[in-house]
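Asks: turn this into a structure:
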Amino acid sequence: MFILASASPRRKELLGEIVSDFAVLPSREEERATGNTPSEVVLSLARQKAESVAKLHPEDTVLGADTIVVKDGKILGKPKSEEDAFSMLSSLSGAEHSVFTGVCLIAAGKRFSAFAETKVRLFPLSKEEILSYIATGSPMDKAGAYGIQDGGIVSSYEGSYTNVVGLPIEIVKDLLRQAEVNYE
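Replies: Numbers count the residues shown, from 1 in each chain. Here you go, the predicted structure:
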């Protein structure tokens, strides 16, 4: 069986575009960010998610992923409050930043990992636009407090669109090939 170790509806939707049959079993363990660089942090978090589920399902193929936003060396996860979301969106308004997603695949007892980085620039957003966007509730479960798929927020990006959504499909396909997992 193929298992997605994430509760993210966006990851489930993206994985469903390439893997037809899989179960969703989010990790129940608390992850701890480790590493000195954004790529090390997301790879560590993705590995912890995948390993947590793989321990309970050692015969299955398990995919874990984690996404962060980085601006000026500061990691932005999911906002803890509307005020936090406002602060994040204000700092990202009109600015370029990076979105990192780490992916870890565990198959046949072997671990395969990679990460993606996408450069993103948001439109300059007024206080009213930010408050209106926060009122939709959409920013509250997303790293950096925005979703590229929401429209009207991102002015440009360089790299993988699906990375910014939360699961870089190109990397997932590559890891599946490396692990020799038939996913089609």
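Asks: helices along this structure, start to end?
Replies: Ranges of helices within the chain are 9-16, 38-56, 82-92, 127-135, 161-165, 169-178, based on DSSP state H.
Asks: which residues does the fifth one contact?
Replies: The set of residues external to helix 161-165 that reach it, using C-beta atoms under 8 Å, 6 or more residues apart in numbering, is 10, 14, 67, 99, 101, 116-118, 120, 147-149, 154, 157, 168-171. The C-beta positions use only the backbone N, C-alpha and C, and glycine is treated the same way.
Asks: what subset of the residues you listed is buried?
Replies: Buried subset of these (neighbour count, 16 or more other C-beta atoms under 10 Å): 10, 14, 67, 99, 101, 116-118, 120, 147-149, 154, 157, 168-169, 171.
Asks: beta-bridge partners for Leu4, please?
Replies: For Leu4, the beta-bridge partners are Val24, Leu63 (DSSP bridges).
Asks: how about stretch 137-157: buried residues?
Replies: For stretch 137-157, using 16+ other C-beta under 10 Å, the buried residues are 138-139, 142-149, 153-154, 157.
Asks: isn't Pro58 right up against Ala108?
Replies: No. Look at Pro58 against Ala108 with C-beta atoms under 8 Å: they stay out of range, at 9.8 Å.
Asks: in strands only, show me the buried residues of stretch 137-157.
Replies: Cross-referencing the buried residues of stretch 137-157 against strands under DSSP state E gives Val154, Tyr157.
Asks: of all the helices of the chain, which one comes closest to Ile75?
Replies: helix 38-56 (6.5 Å; C-beta to C-beta).
Asks: helices or strands up against the closest one?
Replies: Applying 3 or more C-beta pairs under 8 Å, 6 or more residues apart in numbering; DSSP states H and E, one finds that helix 38-56 contacts strand 61-71, strand 96-107, strand 110-122.
Asks: and that helix, which residues are buried?
Replies: Per 16+ other C-beta under 10 Å, helix 38-56 contains these buried residues: 38-39, 41-54.
Asks: what's the closest of these to Asp21?
Replies: Val53 (16.7 Å).
Asks: quick one on the thing from earlier: what would the helices of the chain look like in a markdown table with mean pLDDT and distance to Phe22?
Replies: A markdown table is the format used below for the helices of the chain (pLDDT from 0 to 100; distance: least, C-beta to C-beta, whole Å):
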| stretch | mean pLDDT | distance to Phe22 |
| --- | --- | --- |
| helix 9-16 | 95 | 6 |
| helix 38-56 | 96 | 12 |
| helix 82-92 | 97 | 31 |
| helix 127-135 | 96 | 32 |
| helix 161-165 | 96 | 16 |
| helix 169-178 | 96 | 11 |
